[in-house]
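1. sequence first, then the predicted structure, then my questions.
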Amino acid sequence: MLPRLISLPFYTLHTFGVLLAAAYLTALWWLVKTGRRAGYDPDLLTSLGFWAIIGAILGAKGLMVVRTLPDYLAHPSELFSASFLTSAGDFYGGFIGGVVASVIFFWKTPSLSFWPLADLCAPSIALGQSIGRIGCLMAGDDYGRPASVPWAVTFTDPDAANIGGAPLNVPLHPVQLYESVFCLALFFVLIRLARRKTFDGQILIAYAVLYAIGRFVIEFYRGDADRGFLLNGMVSTSQFIAVVIFVLAVIAFPSRRTKGLTPAPGPVRTSGGRGRR
């Protein structure tokens, strides 16, 4: 693939880093765009987005450490290595970290209601994922199992092995593209569903359920053993978390549905003295 966009004697610009930044910024752009249309203050939405991004980065790296904790305990210097600092980490860790950071933001900003804004965030997350996974493909990260399908990808650049750990000269399932296409389709499904939602929280719950199903299936085509396994290797860490989130989302569905649509949030004033809902 293309691990490096620019390679100079004194500087290297990695494709993965560029696409990861593009993923975060595109998700933030969509959140602000749709939020402004719904009457929310763009400045508050931007602040929420940055809180979620910081939480996602910390959570993603945190779960990456947890799932391979013995390795990091044996080699603690890896926590300061270039591979660790440039890695995106684990998505579900990022998802959980982003949710926690968002909850803290809402606690600090009681004038905003969590569930309506969570529905705006859900399509943004899916859109960002669709871009970020292309970055994984470029870097050879989160690679697939050996495959004989016509669309298999073969990594030949040594950086793909050094950065992402992908085996070289072996045809693999392009699981990064599988998830990228799935998340892009999920983005459009959520947009369509948002136009006819009947209660606040419906879009976030739909995202949690549909992504959990898709991620659980895609994990069967992954080939990177360092993603972690549980229950004597029966499921990967992400599959286990997908099941937990799926169950929690299904449990939350009837509770949120019975509450119906919540009142729209009141006016929110910015530092300039003027604001919108």
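-> Sure thing, it's come through. Note that the coordinates shown come from a computational prediction; the quantities given were computed from them, not determined experimentally.
2. who are the packing partners of the host helix or strand of residue 130?
-> For residue 130, the element it lies in under DSSP states H and E is helix 114-139. If you count contacts as 3 or more C-beta pairs under 8 Å, 6 or more residues apart in numbering; DSSP states H and E, helix 114-139 packs onto helix 15-37, helix 42-67, helix 91-108, helix 158-163, helix 175-194, helix 202-218. The C-beta positions use only the backbone N, C-alpha and C, and glycine is treated the same way.
3. out of those, flag the one nearest residue 128.
-> For residue 128, the closest of these is helix 15-37, at 3.3 Å, according to C-beta to C-beta.
4. so which elements touch that closest one?
-> strand 4-8, helix 42-67, helix 114-139.
5. return the most buried member of the ones you listed.
-> Ranked by mean neighbour count, these are led by helix 114-139 with a mean of 24 (mean count of other C-beta atoms under 10 Å).
6. quick one: that one to chain centroid distance?
-> Offset of helix 114-139 from its chain centre (C-alpha atoms, centre = their mean, to the nearest Å): 5 Å.
7. including distance to residue 117 and mean pLDDT, could the helices and strands packed on helix 114-139 go into JSON lines?
-> Below are these laid out as JSON lines (distance: least, C-beta to C-beta, whole Å; pLDDT from 0 to 100):
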{"stretch": "helix 15-37", "distance to residue 117": "7", "mean pLDDT": "91"}
{"stretch": "helix 42-67", "distance to residue 117": "7", "mean pLDDT": "86"}
{"stretch": "helix 91-108", "distance to residue 117": "8", "mean pLDDT": "86"}
{"stretch": "helix 158-163", "distance to residue 117": "35", "mean pLDDT": "82"}
{"stretch": "helix 175-194", "distance to residue 117": "12", "mean pLDDT": "97"}
{"stretch": "helix 202-218", "distance to residue 117": "9", "mean pLDDT": "96"}
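8. so which of those helices comes closest to residue 138?
-> Per C-beta to C-beta, nearest to residue 138 of those: helix 15-37, 4.1 Å.
9. who touches that closest one?
-> The contact list for helix 15-37 (C-beta atoms under 8 Å, 6 or more residues apart in numbering) reads 1-5, 42, 45-46, 48-50, 53, 56, 86, 88, 117, 120-121, 123-125, 127-132, 134-136, 138-139, 141, 163, 276.
10. then stretch 237-246?
-> Looking at what lies outside stretch 237-246 - C-beta under 8 Å, 6+ apart - the contacts are 63, 67, 90-92, 208-209, 211-213, 215-216, 219, 227-231, 235.
11. swap in stretch 151-162?
-> Outside stretch 151-162, the residues that reach it (C-beta under 8 Å, 6+ apart) are 1-4, 83, 137, 139-140, 143-144, 166-174, 177.
12. cool, thanks, talk later.
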